[in-house]
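Novice: Have a look at this prediction, sequence included:
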Amino acid sequence: MTFEKIQSHAKINLFLDVLSKRQDGYHEIYSLISKIDLHDDIEIEKSNSLEIIFEGQFSSMIKSNAIEQLFKYLFKKNYLTDFPFKIKVLKNIPVGAGLGGGSSNLASLLMYLIKNKLVNEDQCLKAARELGSDIEFFFETKPSFIIGKGLVDRSIEIISEKQILLVYPFIDLSTEAVFSNNKSFVKKSDINENALSLQLEQILDVTSNNLEDSSINLCSQIKLALDFLRNHKNCQFARMTGSGSCVFAVIDNEIKASKVIQDIHSKYPDWWTKTTKLI
């Protein structure tokens, strides 16, 4: 346990229903989330004290150090007696984008601690549920239905070889602000949640993300991105992930995706784009 490299994957919400507002201020949601092959790279090694370093394209956008908060929580709960680690995170996942980068980082570190028998699984699950709503999902190996405040209901296989194009307008959008601004509540999407597997198109055909209006009110560039993708001949579906500001499109192949990227950058040169796949 001297030095280890781990990958911390991003996610997209294939759909997101906001069902109601809870008495504790959180919201009841119903969502289907899948990891994608975009990831942060984390290096962790023993040290004399806790040291956390962020590097990479999106490191300057990090406002609060959730990793430090995680280790302080584990120490306060007596789950860890000490935390002498040097942790270096290469931030490849956009920040404030609805891609779950921060939650994924915490889940990856918790799994590292489990693997090295520094904490147990129950302690990690408690930490995940107390520190954030997305963290628990990242313990899963398959796409999962999420219910309530963010609990994993069940996993499913999603069948797709399509390209997923991510478009991020370089705006860090607050999840809390989007949910606070939301006025739209819906019934659960009519989807066969008992199926062991579903085609990606089957899912996207009958679902949506009903946080889009709230997010667009706070960030008009989300509408620009969605309109661009929905009007492009190469894009089959376009949707916001999570609470934004990142949106994604489903595209047949890399050649068509490259054309979309070229067209985006000719009109919106400052936007970040990335082709990825569901995993």
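Specialist: That came through, no problem.
Novice: what helices or strands is the helix or strand harbouring V178 leaning on?
Specialist: Here V178 sits within helix 175-181, counting by DSSP states H and E. With contacts taken as 3 or more CB pairs under 8 Å, 6 or more residues apart in numbering; DSSP states H and E, helix 175-181 sits against helix 212-218. For glycine as for every other residue, the C-beta is placed from the backbone atoms N, C-alpha and C.
Novice: to the chain's geometric centre, what's the distance from whatever helix or strand comes next after the helix it packs on?
Specialist: As assigned by DSSP H and E, the chain's next helix or strand after helix 212-218 is helix 221-230. Offset of helix 221-230 from its chain centre (CA atoms, centre = their mean, to the nearest Å): 20 Å.
Novice: got it, and stretch 33-52?
Specialist: 15 Å.
Novice: Ok, stretch 107-125 next?
Specialist: Put simply, stretch 107-125 sits 20 Å off its chain's centre (CA atoms, centre = their mean).
Novice: Can you pull the phi/psi pair for the residue in the chain sticking out farthest from the centre?
Specialist: Distance from the centre of the chain peaks at N48, with 31.9 Å (CA atoms, centre = their mean). With angles defined as degrees, to the nearest 10, N48 shows backbone torsions of phi -80, psi -20.
Novice: In this structure it contacts D82, no?
Specialist: No. Between N48 and D82 there is no contact under CB atoms under 8 Å: 10.4 Å.
Novice: Over the helix or strand following the helix holding V178, what's the mean pLDDT, rounded is fine.
Specialist: Using DSSP H and E, the helix or strand that follows helix 175-181 in sequence is strand 197-199. Averaged across strand 197-199, pLDDT comes to 96.
Novice: Does anything pack onto strand 197-199? Which helices or strands?
Specialist: strand 157-159.
Novice: who does the strand it packs on touch, helix- and strand-wise?
Specialist: Strand 157-159 packs on strand 197-199, helix 200-205, going by 3+ CB pairs under 8 Å, 6+ apart.
Novice: Buried residues of stretch 177-186, list them for me.
Specialist: 178-179, 182 (16 or more other CB atoms under 10 Å).
Novice: Put together a markdown table for those, with distance to Q7 and pLDDT on each row.
Specialist: Formatted as a markdown table, those follow (distance: CB to CB, whole Å; pLDDT from 0 to 100):
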| residue | distance to Q7 | pLDDT |
| --- | --- | --- |
| V178 | 28 | 96 |
| F179 | 29 | 95 |
| N182 | 32 | 94 |
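Novice: Done for today, thanks.
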